[in-house]
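Engineer: below are the sequence and a predicted model for it; my questions follow.
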Amino acid sequence: NAANDATGTGKGVLGDTKTFDVTYSGGYYYLDGTSRGIEIATYDAKHVPYYSPNLPGTLIRSSSTTFSDPAAVDAHAYAERVYDYYKNTFGRNSYDNKGAPIISSVHVGNKWNNAAWIGTQMVYGDGDGTTFRTLSGGLDVIGHELTHAVTQSTADLIYQGESGALNESISDIFGAMIDSDDWDIGEDVYTPGIAGDALRSMSDPTKYGDPDNYANRYTGPDDNGGVHTNSGINNKAAYLMAQGGSAYGVQVSGIGRAKTANIYYRALNYYLYSSSNFSSMRQAAIQAATDLYGANSAEVNTVKNAYSAVGVY
Ligand SMILES: CCC(=O)Oc1c(C)cccc1C(=O)O
Ligand SMILES: [Ca+2]
Ligand SMILES: [Zn+2]
């Protein structure tokens, strides 16, 4: 209850100090905040794998309001940021819009170069220090993972083929909307030894070998049919919708991040469904923009051009 609410502080993965909600009980402060009206809690998995029945692990506590585990500090503080984004932007109360607790576990696996939503909670590996540093250190990573939970609670896009690529892209889109100063994904945690690179680019997916046009989509079996690759096609469309630009001879005039986010959020809630493909994504975005801005609006025109620019009709 409010009497036990306190403010914790600690350094994140990149050495930046941040504050977050904690709860005091029996001589300890716990990474378990309830001040937002829902529970946001962060656990130490102590290196069990993501499929372990021992998850979430041990609730992280400190004998003072200072927390010394950077992985936990960022997982917890960034979960609050993502909750606040969905609540403040769309009025959504947690990933299920019913106030579900947001549970995260850090130190999952051994040098695990992964992060995931496992259906019930978020899990973060520590990375091997070369490919990734501890993955909760990226705000866009946490935005990406928690958006998998939002997608699961709405369109529930099947995680393979084109619907799987859309599932991935929706997570990248909202990861980028929340980590709002760039259009890269994972840049804060990817290859700590190499400056300026990222796991994926939405502004130029081809920079990291992902397609930015439907004609160049991957059609093989790897990675559930290339869900982390073909996401680049829809990511490029979203980028063009927000920022404008031209691709493959098609000019797009940008409508900005906020309207783009509104269109995708509405499409996800009302028009996308589990087996949606890229063509139905185009239609869903057009319909959402029509609802929001009018049939003959500049926004609808931009949506059409953005999808034409990436070869999706
Ligand atoms: C941007 C976050 C991300 O892509 O996390 C994953 C990683 C690092 C490996 C495998 C899967 C995922 C995922 O969440 O899709
Ligand atoms: Ca980013
Ligand atoms: Zn993902």
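Structural biologist: Yep, it's here. Ligands and ions are numbered 1, 2, ... in the order given.
Engineer: what helices and strands are in contact with the longest strand along the chain?
Structural biologist: In the chain, with assignment by DSSP state E, the single longest strand is strand 17-25. Contacts defined by 3 or more CB pairs under 8 Å, 6 or more residues apart in numbering; DSSP states H and E place strand 17-25 against strand 5-11, strand 28-30, strand 32-33, helix 70-90. (C-beta placed from N, C-alpha, C; glycine too.)
Engineer: could you measure Asp291 against Leu166, distance?
Structural biologist: 19 Å (CB to CB, to the nearest Å).
Engineer: neighbour count winner among these two?
Structural biologist: Neighbour tally, Asp291 and Leu166, criterion other CB atoms under 10 Å: the higher count belongs to Leu166, 30 against 16.
Engineer: isn't Glu39 up against Gln121?
Structural biologist: No: in this structure Glu39 lies outside contact range of Gln121 using CB atoms under 8 Å: 11.7 Å.
Engineer: more neighbours, these two?
Structural biologist: Neighbours were counted for Glu39 and for Gln121 using other CB under 10 Å; Gln121 has more, 19 against 16.
Engineer: CSV for the helices and strands packed on strand 17-25, including mean neighbour count, distance to ligand 1 and mean pLDDT?
Structural biologist: As requested, the helices and strands packed on strand 17-25 are exported to CSV (neighbours: other CB atoms under 10 Å; distance: least, CB to the nearest ligand atom, whole Å; pLDDT from 0 to 100):
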stretch, mean neighbour count, distance to ligand 1, mean pLDDT
strand 5-11, 17, 22, 97
strand 28-30, 18, 27, 98
strand 32-33, 23, 23, 96
helix 70-90, 22, 12, 98
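Engineer: of these, which is nearest Ser279?
Structural biologist: With CB to CB as the criterion, Ser279 lies closest to helix 70-90 of those, at 25.6 Å.
Engineer: what's the angle between the closest one and strand 17-25?
Structural biologist: Orientation of helix 70-90 against strand 17-25 (axes from the mean of the first three to the mean of the last three CA atoms, to 10 degrees) gives an angle of 90 degrees.
Engineer: need the three-state assignment for Ala149.
Structural biologist: Classification of Ala149 by DSSP: H, G, I helix; E, B strand; the rest coil places it in helix.
Engineer: and the residue nearest the centre of the chain, how far from Gly294?
Structural biologist: For the chain, the residue sitting closest to the mean C-alpha position, by CA atoms, centre = their mean, is His144 at 1.3 Å. His144 is 31 Å from Gly294, where distance means CB to CB.
Engineer: contacting residues around the residue of the stretch 201-313 of the chain found nearest ligand 1?
Structural biologist: Going by CB to the nearest ligand atom, ligand 1 is nearest to His228 of the stretch 201-313 of the chain, at 6.2 Å. For His228, the contact set (CB atoms under 8 Å, 6 or more residues apart in numbering) comprises 168, 200, 210.
Engineer: go with 7 Å
Structural biologist: Glu168 (CB atoms under 7 Å, 6 or more residues apart in numbering).
Engineer: so it sits in a helix?
Structural biologist: No: according to three-state DSSP, His228 belongs to no helix; its state is coil.
Engineer: now the helices for the stretch 51-200 of the chain?
Structural biologist: Assigned by DSSP state H, counting those that start in this stretch, the helices in the stretch 51-200 of the chain fall at 70-90, 139-153, 161-178.
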